[in-house]
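1. A structural model of the following input is requested.
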Amino acid sequence: MHRRFGAAVTGAMILGAVAGAVAHAILSPARAADFAGGLVIVTDAFLRLIRMIIAPLVLTTLVAGVARLGDAASVGRVGVKALSWFLLGSLLSLAIGSVMAGVLHPGVGLGLPLPAGVPPAVHGDFSARTMVTHIVPASIAQAMADNEILQIVVFAVFVGTAVGSLGPRAEGVLVLTEQLAGVMLRVTNYVMLLAPVAIFAALAGMVATQGPSLIVAYAAFVGGFYLSLGVLWAALCAIAFLVLGRRVGALLRGVRQPMLVAFSTASSEAAYPALLERLEACGVPNRIASFVLPLGYSFNLDGAMMYSTFAFLFIVQAYGQSLSPAQHGLLVAFLLLTSKGIAGVPRAALVVITAALSFFKMPEAGILLVVGVDHLLDMGRSATNIVGNALASGVVAKWEGALATEA
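-> Reported below is the predicted structural model:
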């Protein structure tokens with residue numbers, strides 16, 4: 001990534017917002033929608049390029065990482081440590097979202113009437129069978145075509161473990177896999193050169209159709225959410241400090257670039273290659289980072305989980321409803337489980353929130369209250385996902401005694 005990449009991204013964000021505001025002011029709603037529709041072509045093309053490289057990149061880096069771990073016992077040990085941290089981070093994220101929504105009351109005062117007979121805006125099936133289909137691959141080719149990250153992880157763990165157990169007999173396979181991973185990282189660098197253009201198009205289209213007043217109307221909600229993210233960042237860093245000490249600061253400084261990419265594109269996936277590279281530069285071995293990160297992208301989306309509780313309670317408050325303490329605890333448990341079953345689903349947080357609204361007998365049409373600003377909030381939660389997974393990789397590397405003494 002070029003050193004001036006951050007400046008280009010920032011400039012694209014500002015120009016996109018200004019262009020969208022001008023279009024909203026001078027164009028009719030129909031023409032503004034056409035304007036935004038033309039820009040969607042650019043953003044769709046960029047996101048398709050990103051999705052094109054995610055599956056092969058995850059497969060090659062994870063196979064190589066697992067193989068470098070060695071035997072199955074090492075894979076299991078690192079996996080247990082990673083999942084333990086993920087569980088802690090998930091519970092912390094959900095709890096902070098619940099507490100902050102209760103303290104800030106972002107939806108109180110809207111006084112919306114309870115709708116009658118409104119169909120749900122988003123549907124989600126969270127049965128045990130559905131969760132299994134998202135985890136166990138029937139075909140690795142289909143899993144890669146559909147970008148089913150969990151299925152790719154399962155396949156890669158099996159293959160990587162087998163390669164590691166064969167030792168010198170599979171050394172050629174391991175070398176080839178690492179070479180392919182390097183090729184995919186270089187392809188990703190080429191794709192990311194288009195990021196400023198895609199960012200300009202995405203923001204210009206959103207502001208053109210919804211108008212700059214959208215942010216003003218949801219000031220309490222958006223501001224409260226980002227304040228809650230700040231609390232979550234502080235809590236995660238404080239816990240990680242107990243393990244990493246002062247290395248926490250160096251680690252966060254090292255992953256600033258991937259955080260900016262995730263924030264600007266509202267996509268954790270877009271930052272995956274850069275995050276992997278920066279973690280290695282910060283002293284986290286590739287065999288650890290390439291194993292923990294794909295798992296984290298499925299099980300450790302701290303920003304998305306905190307958003308689920310915060311947005312759910314915003315909707316509940318907007319309709320003048322409330323939850324009992326027992327229901328708050330049940331909400332955390334419900335979101336902890338359902339958020340793991342839809343990893344890799346676009347706008348997964350919206351699906352989870354709607355499922356929670358249905359489960360608690362709240363107005364499912366309330367999801368429409370947050371859809372309009374979801375992209376703006378997705379920027380913050382995507383960056384938070386990067387922070388959570390970077391800290392997780394550093395903590396697991398430290399627990400394994402593999403974190404380099406010099407970052």
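2. Give the buried residues for the one helix or strand Ala234 maps to.
-> Counting by DSSP states H and E, the element that carries Ala234 is helix 219-244. For helix 219-244, a neighbour-count test (16 or more other C-beta atoms under 10 Å) marks 220-222, 224-225, 228-229, 232-233, 235-237, 239-240, 243-244 as buried. All C-beta atoms are positioned from the backbone trio N, CA, C, and that covers glycine.
3. now stretch 276-285
-> Neighbour-count burial for stretch 276-285 [16+ other C-beta under 10 Å]: 276-280, 282-285.
4. helices and strands of the protein: which one has the lowest mean pLDDT?
-> Every helix and strand in the chain was compared by mean pLDDT, DSSP states H and E; the lowest is helix 213-217, with a mean of 57.
5. ok, Val396 - contacts?
-> Contacts here follow C-beta atoms under 8 Å, 6 or more residues apart in numbering; on that basis Val396 touches 78, 81-82, 85, 288, 292.
6. Quick check: the two most widely separated of those residues?
-> Farthest pair in the contacts of Val396 (C-beta to C-beta) is Trp85 and Ile288. Separation: 12.2 Å.
7. Quick one: distance of the host helix or strand of Ile50 to the chain centre.
-> Element membership of Ile50, judged by DSSP H and E, is helix 29-69. Distance of helix 29-69 from its chain centroid, counting by C-alpha atoms, centre = their mean, to the nearest Å, is 13 Å.
8. What of stretch 262-277?
-> On C-alpha atoms, centre = their mean, the centre of stretch 262-277 falls 9 Å from the chain's centre.
9. CA atoms only for that stretch - export them in PDB, please.
-> Only the C-alpha atoms of stretch 262-277 are listed here, as PDB (Å, rounded to 0.1, in the frame of the first residue of the first chain):
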ATOM      1  CA  ALA A 262     -12.100  -1.200   7.100                       C
ATOM      2  CA  PHE A 263     -13.600   2.100   8.300                       C
ATOM      3  CA  SER A 264     -13.500   3.700   4.800                       C
ATOM      4  CA  THR A 265     -14.900   0.700   2.900                       C
ATOM      5  CA  ALA A 266     -17.300  -0.500   5.700                       C
ATOM      6  CA  SER A 267     -15.800  -3.900   5.100                       C
ATOM      7  CA  SER A 268     -13.700  -6.100   7.400                       C
ATOM      8  CA  GLU A 269     -13.000  -8.300   4.500                       C
ATOM      9  CA  ALA A 270     -11.300  -5.500   2.500                       C
ATOM     10  CA  ALA A 271      -8.800  -5.100   5.300                       C
ATOM     11  CA  TYR A 272      -7.900  -8.800   5.800                       C
ATOM     12  CA  PRO A 273      -4.800  -8.900   3.600                       C
ATOM     13  CA  ALA A 274      -3.300  -5.700   5.000                       C
ATOM     14  CA  LEU A 275      -4.100  -6.800   8.500                       C
ATOM     15  CA  LEU A 276      -2.300 -10.100   8.000                       C
ATOM     16  CA  GLU A 277       0.800  -8.300   6.700                       C
END
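10. Next, the angle from the following helix or strand past the helix holding Ile50 to helix 29-69.
-> Following helix 29-69 in sequence order, the next helix or strand is helix 72-104 (DSSP H and E). Interaxial angle of helix 72-104 relative to helix 29-69 (axes from the mean of the first three to the mean of the last three C-alpha atoms, to 10 degrees): 140 degrees.
11. residue ranges with poor pLDDT in the stretch 1-150 of the chain?
-> 1-3, 5-6, 68-75, 109-134, 149-150 (pLDDT under 70).
12. what do you get if the cut-off is 90, keeping everything else the same?
-> 1-90, 101-150 (pLDDT under 90).
13. Check the stretch 301-407 of the chain too.
-> 301-305, 308, 315-383, 385-386, 388-389, 392-407.
14. And the helices in it?
-> Taking DSSP state H, counting those that start in this stretch as the test, the helices found in the stretch 301-407 of the chain are 302-318, 325-341, 348-359, 368-371, 374-399.
15. Buried deepest among those, which one?
-> Of all these, helix 302-318 carries the top mean neighbour count, a mean of 27, counting by mean count of other C-beta atoms under 10 Å.
16. Remind me what it packs against, helices and strands.
-> For helix 302-318, the packing partners by 3 or more C-beta pairs under 8 Å, 6 or more residues apart in numbering; DSSP states H and E come out as helix 72-104, helix 219-244, helix 325-341, helix 348-359, helix 368-371, helix 374-399.
17. of those, which approaches Asp34 most closely?
-> helix 374-399 (19.3 Å).
18. tell me how far the closest one is from the chain's mean position?
-> 7 Å.
19. tell me the angle that helix makes with helix 348-359.
-> 100 degrees.
20. now helix 374-399 against helix 219-244, angle please.
-> Going by the same axes, to 10 degrees, helix 374-399 makes 10 degrees with helix 219-244.
21. Count the neighbours of Val103 for me.
-> Around Val103 there are 12 other residues, counting by other C-beta atoms under 10 Å.
22. make that Ser84, sorry
-> Neighbours of Ser84 using other C-beta under 10 Å come to 14.
23. try Asp44
-> Considering only other C-beta under 10 Å, Asp44 is surrounded by 13 other residues.
24. from what I can see Glu280 touches Arg287, true?
-> No. Look at Glu280 against Arg287 with C-beta atoms under 8 Å: they stay out of range, at 10.1 Å.
25. Looking at the helices and strands packed on helix 302-318, spot the one closest to Arg253.
-> Among these, helix 374-399 sits nearest to Arg253 (C-beta to C-beta), with 10.7 Å.
26. what inclination does that closest one have with respect to helix 302-318?
-> 140 degrees.
27. May I see the buried residues of stretch 276-285 organised as a markdown table, with secondary structure added?
-> Shown next, in a markdown table, are these (DSSP: H, G, I helix; E, B strand; the rest coil):
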| residue | secondary structure |
| --- | --- |
| Leu276 | helix |
| Glu277 | helix |
| Arg278 | helix |
| Leu279 | helix |
| Glu280 | helix |
| Cys282 | coil |
| Gly283 | coil |
| Val284 | coil |
| Pro285 | coil |
